[in-house]
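Q: fold the following, please.
(chains A and B)
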Amino acid sequence: MPIKKSEAGAPVWMHRTPKTRLLMWVGWLALVALFVFCWQVMTKDTIWYFVADAPRQAADIGSRMFPPKLDYMNELWGPLWDTINIATLGTLLAIVMAVPVAFLAARNTTPSIRFVRPVALFIIVSSRSINALIWGLLLVAVIGPGVFAGIIAIALRSIGFIAKLLYEAIEEIDETQIEAINATGASAMQRLDYGITPQIMPAFAGITVFRWDINIRESTVLGLVGAGGLGLKLQASINVLAWGQVTTIFIVILVTVMISEWVSAKVRHSLI
Amino acid sequence: MLRVENLRKRYRTGDEALKGVSFSVPAGEVVGLIGPSGAGKSTLIRCVNRLVEPTDGNVFLNDLNITQLGRGDLKRARRRIGMIFQEFALVERLSVMENVLSGRLGYVSFWQSFTRRFPQADVDKAFALLERVGLSDHADKRADALSGGQRQRVGIARALEQDPELLLIDEPTASLDPKTSRQIMRLITEICRERNLPTIINIHDVPLAQAFVDRILGLQDGELVFDGPPSELTESVLTRIYGEEDWTTMRGDQDDGEDGRSARLIKEAPAELV
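A: Next up is the predicted model:
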């Protein structure tokens, strides 16, 4: 207890006890030691000549990247359309699969906390633990290169994200509204429709639009592993050292992401 | 007619919320249920429609034993029991009309309720009820756009939309200001008498209960310790229900406060300032 009696008998209040202070000091010391150790591991294999050379190399690539080769745009409209489709269709597919998973994972709607909920949580964790790029790598190997592999990769990665945030929203609903709907003699499906859905709609809209926004960004790089979209063009341009084209692709990605962020902000604002 | 026999509730934590409560409420009688926080008032009315499952005892609505019903029959029985809540418990993001119509959920199919195609008779009734509670201009507003008093009126309309044979009311005025509280209590008691409904109202505000209800039940630590008309609610009875307190002060305030001392003070104040 941080409250003690002084010698005069008046209570003395301290934010932390001496023991906590000592523990915190030891904790900080351990952190510093860890940092020093990691720094040594990290720099052991570094070739300092290359590091010293870095500014010159960066300036070199930078100078090759300018001016951007703007007429390359004509070849980018197709891949750009693919990228947007990968993100959008992937998100839609993910929503279809994530919503049931979310209801199975939420404590207050799952049919069985002991058996069904762990399965749903496992689906969520396994989907979230693997990056879209890795999913893409696996899927290109399984179903071949192209846009379809990209869509599935985005969908598989997004299920966990959407389901996790959605089931947290379901667990936070106001139970008295559910109680009131129950008291009218409503069935379980009517309870879902009148009691739960209206309460989670704002969260649902926010989550899905936010995920779509993330997916636009992720799908721009999926092409690096052969899953279609702008990434394919990016890889091709880097391989032939066409730095002017790379710059154009960067600009396209930047503008697309800006637009998608603007759209998602607008949608979220109008729905909440 | 509601009849409760020897109702007991023991929570899984071991707390005994109700220790064998028996009473009956004839049609058209408005009963105020008073008692300290934690006495089991909420549990008692939730045991009647089994939002809380009673451990033992019987609840009869007319001749139907509610405690014996299976799931499907319980749903059908709940349609006949209207409930009004302390924090209104409206579905905040649905419109006033949808909230009132949700009182019909037990009567329509899922598809009808999902597409919001309620029978015209239900919609007519909803409009009539909104008119009755004084909200006919607000049918299309979202529930969260209304004030507290208006929301509780929607809650009343939703309960009545069920065509109830019994009303259970849990602290209807606890979130409302004194004037609105009186208006809501007046509305509830008027409607109950119009429709000849047996009604139980959980209420903390003893003077408010005395002013509006026909009969008072006093619940203390899971047991009924008083059952009688409001006029018999003497200081010794209040002490039995709530424990030792200076009850005369509360009553004194009540008598003068309405249109007496406090109102005059406000009017006189500017004159003194001048």
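Q: and the spatially closest residue to A:Gly146 that is not a sequence neighbour, how many neighbours does it have?
A: Nearest residue to A:Gly146 in three dimensions, chain neighbours excluded: A:Gly228, at 5.3 Å (Cβ to Cβ, 6 or more residues apart in numbering or on different chains). Heads up, the C-betas are built off the backbone N, CA and C, glycines and all. A:Gly228 is flanked by 25 other residues according to other Cβ atoms under 10 Å in any protein chain shown.
Q: check contacts around A:Gly228.
A: Counting by Cβ atoms under 8 Å, 6 or more residues apart in numbering or on different chains, A:Gly228 makes contact with A:Pro79, A:Asp82, A:Thr83, A:Ile86, A:Pro145, A:Gly146, A:Val147, A:Phe148, A:Ala149, A:Gly150, A:Leu222.
Q: now it: how far from A:Leu138?
A: 15 Å (Cβ to Cβ, to the nearest Å).
Q: next: A:Val36.
A: 38 Å.
Q: and A:Ala58, which helix or strand is it part of?
A: A:Ala58 belongs to helix A:48-65 when elements are defined using DSSP states H and E.
Q: list the residues that contact the residue of the stretch 101-250 of chain A found nearest chain B.
A: Per Cβ to the nearest Cβ, A:Gly185 is where the stretch 101-250 of chain A lies closest to chain B, at 2.7 Å. Residues counted as contacts of A:Gly185 (Cβ under 8 Å, 6+ apart) are B:Lys75, B:Arg76, B:Ala77, B:Arg78, B:Arg79, B:Leu105, B:Gly106, B:Tyr107, B:Gln162.
Q: run through chain A and note the low-pLDDT ranges.
A: Residues of chain A that meet the criterion pLDDT under 70 lie in A:1-2, A:272.
Q: domain map for it?
A: Per automatic domain parsing, the domain ranges recorded for chain A read A:3-65, A:73-271.
Q: so which of the ones you listed gets nearest B:His138?
A: domain A:73-271 (17.7 Å; Cβ to Cβ).
Q: how far does the closest one stretch from start to finish?
A: 35 Å (Cα to Cα, to the nearest Å).
Q: okay, and the residue of chain B found nearest chain A sits in which element?
A: Ranked by Cβ to the nearest Cβ, the top residue of chain B for proximity to chain A is B:Gly106, at 2.7 Å. Counting by DSSP H and E, B:Gly106 is held by no secondary-structure element, helix or strand.
Q: what parts of the stretch 1-150 of chain B come near chain A?
A: B:49, B:51, B:75-79, B:81-83, B:85, B:87, B:89-94, B:98, B:102-107, B:110, B:113-114 (Cβ under 8 Å from any Cβ of the partner chain).
Q: pull out the buried members of those.
A: Neighbour counting over the residues of the stretch 1-150 of chain B next to chain A (16 or more other Cβ atoms under 10 Å in any protein chain shown) leaves B:49, B:51, B:75, B:77-79, B:81-83, B:85, B:87, B:89-94, B:98, B:102-107, B:113 as the buried ones.
Q: so which of the residues you listed sit within helices?
A: Using DSSP state H, the subset of these located in helices is B:Lys75, B:Ala77, B:Arg78, B:Glu98, B:Ser113.
Q: can you give me the strands in the stretch 101-250 of chain B?
A: Shown for the stretch 101-250 of chain B, the strands assigned by DSSP state E, counting those that start in this stretch span residues B:166-170, B:199-202, B:215-220, B:223-228.
Q: which residues does the shortest one contact?
A: In other words, strand B:199-202. Identification of contacts with strand B:199-202 by Cβ under 8 Å, 6+ apart yields B:2, B:25, B:29-33, B:41-42, B:44-45, B:48, B:166-172, B:185, B:188-189, B:192, B:209, B:213.
Q: re the thing from before, distance of the residue nearest to A:Gly146 relative to B:Leu168?
A: Counting by Cβ to Cβ - A:Gly228 and B:Leu168 are separated by 60 Å.
Q: how about the helices of chain B, start to end?
A: Counting by DSSP H, the helices of chain B are B:41-48, B:71-78, B:96-101, B:110-114, B:120-132, B:148-161, B:178-195, B:206-212, B:235-242, B:247-257, B:261-273.
Q: how about the residue positioned nearest the centre of chain B, what does it touch?
A: Compute the mean C-alpha point of chain B, and by Cα atoms, centre = their mean the closest residue is B:Ile169, 1.6 Å away. For B:Ile169, the contacting residues are B:Ile45, B:Met83, B:Ile84, B:Ile188, B:Thr199, B:Ile200, B:Ile201, B:Asn202, by Cβ under 8 Å, 6+ apart.
Q: need those residues in JSON lines with pLDDT, can you?
A: Formatted as JSON lines, the contacts of B:Ile169 follow (pLDDT from 0 to 100):
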{"residue": "B:Ile45", "pLDDT": "91"}
{"residue": "B:Met83", "pLDDT": "93"}
{"residue": "B:Ile84", "pLDDT": "92"}
{"residue": "B:Ile188", "pLDDT": "91"}
{"residue": "B:Thr199", "pLDDT": "93"}
{"residue": "B:Ile200", "pLDDT": "93"}
{"residue": "B:Ile201", "pLDDT": "93"}
{"residue": "B:Asn202", "pLDDT": "92"}
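Q: skipping adjacent residues, who's closest to B:Trp247 in space?
A: Once flanking residues are discounted, B:Trp247 sits nearest to B:Glu235: 4.5 Å by Cβ to Cβ, 6+ apart.
Q: and for B:Gln112, the neighbour number?
A: 16.
Q: coming back round to it: between A:Val36 and A:Leu138, which has more neighbouring residues?
A: In this view A:Val36 and A:Leu138 are compared by other Cβ under 10 Å, and A:Leu138 has more residues nearby, 15 against 9.
Q: in what element of secondary structure is that one found?
A: A:Leu138 belongs to helix A:132-143, assigned by DSSP H and E.
Q: can you map out the helices along chain A?
A: Listed in chain order, the helices found in chain A under DSSP H are A:18-44, A:48-65, A:77-105, A:116-129, A:132-143, A:147-171, A:175-183, A:188-190, A:197-222, A:230-239, A:243-271.
Q: just checking, B:Leu105 touches A:Ile181?
A: Yes. Counting by Cβ atoms under 8 Å, A:Ile181 is a contact partner of B:Leu105 at 6.8 Å.
Q: quickly list what's touching both of these two.
A: Joint contacts of B:Leu105 and A:Ile181 (Cβ under 8 Å, 6+ apart) are A:Gln190, A:Tyr194.
Q: residue contacts, B:Ile84?
A: Here B:Ile84 is in contact with B:Gln152, B:Gly155, B:Ile156, B:Ala159, B:Leu167, B:Leu168, B:Ile169, B:Asp170, B:Pro172, B:Ile188 (Cβ under 8 Å, 6+ apart).
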